[in-house]
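[1] any chance you could fold what I've pasted below:
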Amino acid sequence: MATRKQKEIAELLRREISSIILSGLSDPRMGFVTLTRVHVAGDYRSAKVYLTVRGTEVDARKSLAALAHAHGHIQGLIADRIKLRWTPVLEFVEDKELSQALRVSKLMDRVTMERAESIPATGSSEDGSHSAGSEEKA
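    Below you'll find the model as predicted:
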């Protein structure tokens, strides 16, 4: 369980890294990257930066390669912007949770549609009379 201090540092890192990626990197390999979360280790010396990349798997690999290449530059900027005893060593990781959740959601939608198509339409009984709201008049 992350401590309050770890959570605060993680959020601060997420904001600063997002800002650096948005304005400080000009690598043509960078796609549309969204930082989803940052997990700071208990000793504060390392942090995993989880991200999603809009586009194909190739776009994601290119963006991760660009971030790995700019890793030292990003850490240097973080050290200048955030005053910590140690600047965490950053590791950029693709966040698979969102894509897996989307995949599961699509599968559930497909199953729901298939079930709806397999259930026959109802509305009248076998003898042709309507059951809902029918009353006999005397």
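[2] pretty sure Tyr50 sits in a strand.
    Yes: under DSSP: H, G, I helix; E, B strand; the rest coil, Tyr50 sits within a strand.
[3] which residues pair with it across the strands?
    Arg37, Val93 (DSSP bridges).
[4] for the residue positioned nearest the centre of the chain, which non-adjacent residue is closest in space?
    For the chain, the residue nearest the mean C-alpha position is Leu98 (3.8 Å; CA atoms, centre = their mean). Residue nearest to Leu98 in three dimensions, not counting chain neighbours: Thr52, with 5.5 Å by CB to CB, 6 or more residues apart in numbering. The C-beta positions use only the backbone N, C-alpha and C, and glycine is treated the same way.
[5] same question for Glu94.
    Ala60 (5.6 Å).
[6] tell me how far the one you found lies from Glu114.
    31 Å (CB to CB, to the nearest Å).
[7] of those two, which one has the most company?
    In this view Ala60 and Glu114 are compared by other CB atoms under 10 Å, and Ala60 has more residues nearby, 18 against 9.
[8] quick one: buried residues of the helix or strand hosting that one?
    Using DSSP states H and E, Ala60 maps to helix 57-69. Using 16 or more other CB atoms under 10 Å as the test for burial, helix 57-69 gives 59-60, 62-64, 66-67.
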